[in-house]
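Q: Fold the following for me, if possible:
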Amino acid sequence: MTTVEIVKRLGSEDLRPTTKSILSLFAKNFSYLPTQTSPVSRLPNELLSSIFLYAIRSTDDRFETVTTPIIASQVSTRWRDIAISTAKLWNTIILTYPTSKQQLSRAVTWLKRSKLAPLDIFLDFRDPSWDWDSAESSHKFRWQDMETIIRLLMVHACRWKHFELFTDTWAPIFTFLCYTRHIKSVPLLVSLSLHRCNAFFASKEATFAPVEMRMPIQLFGGRVLERLRQVTLTGVHIDWSTPLLCNLTRLEFRYLASDVVPSIVEFTSMLRECRDLRHLTILGRGPRIDDNPVSSPSSLLAVSSASGCFSANVYAAIELPHVTDFVFGFVDSDYALKLLAKFSFPALRKLTLEGLVGLDPLSQYDLDAAPLLDWLLSHNSLSKSTRTHGFPLSRIHSLKFIAINADTSIISQFFNDLHELDFLGLYKTRIDTLQALKVPMTNLSTNIPPCVTLTRLECHDIDFQVLVDCVLARGPLSRLNYVHLQPDAISANNRERLLAAGVRILYDSKIPDH
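A: Down below sits the predicted model:
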């Protein structure tokens, strides 16, 4: 139920005292007014408070978590008193570009009214009109602006629970890292997301800039955060030598420059401390891989699959026994193969592969995914030494291809190994990938299509005529029930063809986030 609906439903709340006084003076002339109080006026304060909290928890729009308390507090005096006394109504702090005195004033008020409630902080200082060719120093959101904001929030660091920061440039991130290293304790922090939103730095030849601020800084002074479980670093590097990132269930590395990534030993040590890791994302560059690493006792990891530890050294595969979801985007096939050779995912169930093309507008090259797919196929079988699958394709339930292109033959081989696939997402792929979903010539006698267990297919930026033909060509043994498309992406005729074949159409608006 939306906030507006709640307000309308409960809109017969008691009148304000001043209005009641006026009515009492003219009671005889208003004898037709109802004398019974509204049902909502008889609700206990605790129940009304719960209704207000439900209104903000039932929405995915974080900005409604700011407007809902305002609306609730303006309906009546009683509602205002209840809303202001409900601390968790005010625990979402949102600041966006361009910042203003009004935004800061609101943040101060929210911080005060939230009392001791854990804080969800969302800071987005990206400028939609920013010219990426301009010097970073010309950006209108400066390090001084970040300094003002972080000093305001640091006073309440003991209440931070979720913290997200988005910027176009490095200076605000650098300011955040410099100031927060002096924080003595962040006991409630569960998730941390720091985003310098410039994917260019993940391109093959790019290195970090500005060079004068490249020095690594210890996150929160190197202190271990006992409750921290989810970390996303987009274009953000820290001092990788400290054991801060431990006990994580979700770790995401996105678009880091090649000269500021951790070494394979540092990365391995990090994973070793995250024994219950369930989700791993690497977009662009993961750890730095030396062709001839120096073997040393410190680079070796203990082996104990029963205890959940990781069995690996810099030469062997790093076994991640609990990771079920792996997202991998690559700009360089050679590096991608070297990196994948470092991992083993025996519990893998969801896999996303993305070809990161177009990060550098001056670069003109096509990214052939065939070597990567061929490597995955060759490591799908059971390992004789560890009795585990490096990449158990046959057990994957969900697969997403984003700008993954290869010959139909290699795609067909890949699809044929997906024996338990339920969901397939194809985004920015060529027709060859769709064609591989048809019943192959070798299977015409049995009519068994690739990915026979597939029930849901999602496609964006694709030829929808070919899509419909391929779906229908999967034959009578196909279990495909749902096709997810962008709104208005398919003609009426093709829509009728799918519906006639028993395939329902669901509409989505954008490529899903990783």
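Q: can we go C-alpha only for contacts and neighbour counts from here?
A: Will do.
Q: Now residue 404: closest residue in space that isn't a chain neighbour?
A: Spatial nearest neighbour of residue 404, excluding adjacent residues (CA to CA, 6 or more residues apart in numbering): residue 355 at 5.5 Å.
Q: Distance-wise, check the one you found relative to residue 392.
A: 21 Å (CA to CA, to the nearest Å).
Q: Need the contact partners of the helix or strand containing residue 328.
A: Taking DSSP states H and E as the criterion, residue 328 maps to strand 325-330. Outside strand 325-330, the residues that touch it by CA atoms under 8 Å, 6 or more residues apart in numbering are 278-285, 336, 348-356, 514.
Q: Now, of those, which are buried?
A: 278-285, 336, 348-356 (16 or more other CA atoms under 10 Å).
Q: hang on, the earlier thing: could you give the mean pLDDT of the strand holding residue 328?
A: The average pLDDT within strand 325-330 is 97.
Q: so where's the stretch 401-514 of the chain uncertain?
A: 441-446, 508-514 (pLDDT under 70).
Q: pLDDT weak spots in the chain?
A: The model of the chain has pLDDT under 70 over residues 1-37, 291-316, 360-366, 381-389, 441-446, 508-514.
Q: follow-up on the earlier one: so which of the buried ones among the contacts of strand 325-330 sit within helices?
A: Using DSSP state H, the subset of the buried ones among the contacts of strand 325-330 located in helices is residue 336.
Q: Tell me what residue 398 is bridged to.
A: residue 350, residue 423 (DSSP bridges).
Q: so it touches residue 351, yeah?
A: Yes. With contact defined as CA atoms under 8 Å, residue 398 reaches residue 351; the gap is 6.3 Å.
Q: which neighbours do these two share?
A: When contacts are counted by CA under 8 Å, 6+ apart, the set common to residue 398 and residue 351 is empty.
Q: Show me the strands paired with the strand holding residue 328, marking each as parallel or antiparallel.
A: Strand 325-330 has the following sheet partners, assigned by DSSP bridges: strand 279-283 (parallel), strand 350-355 (parallel).
Q: and that strand, how far out from the chain's middle?
A: Here strand 325-330 is found 12 Å from its chain centre; the criterion is CA atoms, centre = their mean, to the nearest Å.
Q: Return the set of buried residues in the strand or helix carrying residue 434.
A: Applying DSSP H and E as the criterion places residue 434 in helix 431-435. Counting neighbours by 16+ other CA under 10 Å, one finds that the buried residues in helix 431-435 are 431, 433, 434, 435.
Q: Strand partners (parallel or antiparallel) of the top strand by length along the chain?
A: Under DSSP state E, the strand in the chain containing the largest number of residues is strand 160-167. Using DSSP bridges, the strands paired with strand 160-167 in its sheet are strand 119-124 (parallel), strand 191-196 (parallel).
Q: Need these in TSV (columns: distance to residue 243 and mean neighbour count).
A: As requested, the strands paired with strand 160-167 are exported to TSV (distance: least, CA to CA, whole Å; neighbours: other CA atoms under 10 Å):
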stretch	distance to residue 243	mean neighbour count
strand 119-124	25	20
strand 191-196	16	20
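Q: Adding distance to residue 497, write the ones you listed out as a markdown table.
A: Output for the strands paired with strand 160-167, formatted as a markdown table (distance: least, CA to CA, whole Å):
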| stretch | distance to residue 497 |
| --- | --- |
| strand 119-124 | 44 |
| strand 191-196 | 44 |
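Q: Out of these, which is closest to residue 180?
A: Using CA to CA as the measure, strand 191-196 is the one of the strands paired with strand 160-167 that comes nearest residue 180, at 12.5 Å.
Q: From the chain's centroid, how far away is that closest one?
A: With CA atoms, centre = their mean, you get 10 Å for strand 191-196.
Q: After it, which helix or strand is next?
A: strand 230-234.
Q: Keeping just the C-alphas, turn that next one into PDB.
A: Only the C-alpha atoms of strand 230-234 are listed here, as PDB (Å, rounded to 0.1, in the frame of the first residue of the first chain):
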ATOM      1  CA  GLN A 230      28.700  -6.700   2.300                       C
ATOM      2  CA  VAL A 231      31.400  -4.500   0.600                       C
ATOM      3  CA  THR A 232      31.200  -3.000  -2.900                       C
ATOM      4  CA  LEU A 233      34.200  -1.100  -4.200                       C
ATOM      5  CA  THR A 234      33.700   0.600  -7.600                       C
END
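Q: Just confirm the residue nearest to residue 404 contacts residue 367, I think it does.
A: Yes. Contact criterion CA under 8 Å: residue 355 and residue 367 qualify, at 6.6 Å.
Q: residues contacting the residue lying closest to residue 319 once chain neighbours are set aside?
A: Setting aside the residues directly before and after it, residue 319 is nearest to residue 344 in space (CA to CA, 6+ apart), at 4.5 Å. Contact partners of residue 344, counting by CA under 8 Å, 6+ apart, are 317, 318, 319, 320, 321, 389, 390, 391.
Q: Which phi and psi values does residue 344 adopt?
A: phi -140, psi 130 (degrees, to the nearest 10).
Q: How about residue 50?
A: phi -70, psi -40.
Q: Tell me how many other residues crowd it.
A: Neighbour count for residue 50, taken as other CA atoms under 10 Å: 12.
Q: Could you do residue 108 as well?
A: Neighbour count for residue 108, taken as other CA under 10 Å: 14.
Q: so it, which of the three states?
A: Following DSSP: H, G, I helix; E, B strand; the rest coil, residue 108 is assigned to helix.
Q: One more: residue 81?
A: Note that with three-state DSSP, the state of residue 81 is helix.
Q: do you know how far it is from residue 113?
A: Counting by CA to CA - residue 81 and residue 113 are separated by 12 Å.
Q: With residue 505 instead?
A: Distance from residue 505 to residue 113, by CA to CA: 46 Å.
Q: Could you do residue 208 as well?
A: 41 Å.
Q: From the buried residues of helix 431-435, pick the one nearest residue 379.
A: Closest approach to residue 379 among the buried residues of helix 431-435 (CA to CA): residue 433, at 21.2 Å.
Q: what sits against the closest one?
A: Taking CA under 8 Å, 6+ apart as the test, what residue 433 contacts is 405, 406, 407, 408, 411.
Q: what about 7 Å?
A: For residue 433, the contact set (CA atoms under 7 Å, 6 or more residues apart in numbering) comprises 408, 411.
Q: still on that earlier bit, could you take the strands paired with strand 325-330 and lay them out as a markdown table, with extra columns for distance to residue 130?
A: Formatted as a markdown table, the strands paired with strand 325-330 follow (distance: least, CA to CA, whole Å):
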| stretch | distance to residue 130 |
| --- | --- |
| strand 279-283 | 23 |
| strand 350-355 | 26 |
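Q: Compute the first-to-last residue distance for stretch 168-188.
A: 28 Å.
Q: I would like the residues contacting that stretch, please.
A: By CA under 7 Å, 6+ apart, stretch 168-188 touches 126, 136, 142-143, 146-147, 150, 157-161, 196-198, 217-221, 225, 227.
Q: what's the answer for stretch 229-239, then?
A: Contacts of stretch 229-239 (CA under 7 Å, 6+ apart): 190-198, 216-219, 247-256, 260-261.
Q: same question, stretch 205-214
A: By CA under 7 Å, 6+ apart, the list of residues contacting stretch 205-214 reads 201, 257, 258, 259.
Q: Just the CA trace of stretch 473-483, in PDB.
A: The C-alpha trace of stretch 473-483 is given here as PDB (Å, rounded to 0.1, in the frame of the first residue of the first chain):
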ATOM      1  CA  ALA A 473      11.700 -23.700 -32.800                       C
ATOM      2  CA  ARG A 474      12.600 -25.300 -29.400                       C
ATOM      3  CA  GLY A 475       9.900 -27.900 -30.100                       C
ATOM      4  CA  PRO A 476       7.300 -29.600 -28.000                       C
ATOM      5  CA  LEU A 477       9.700 -30.700 -25.300                       C
ATOM      6  CA  SER A 478      10.500 -27.100 -24.400                       C
ATOM      7  CA  ARG A 479       9.500 -26.100 -20.800                       C
ATOM      8  CA  LEU A 480       9.900 -22.400 -21.600                       C
ATOM      9  CA  ASN A 481       6.900 -20.600 -19.900                       C
ATOM     10  CA  TYR A 482       8.000 -17.000 -19.600                       C
ATOM     11  CA  VAL A 483       9.800 -14.400 -21.800                       C
END
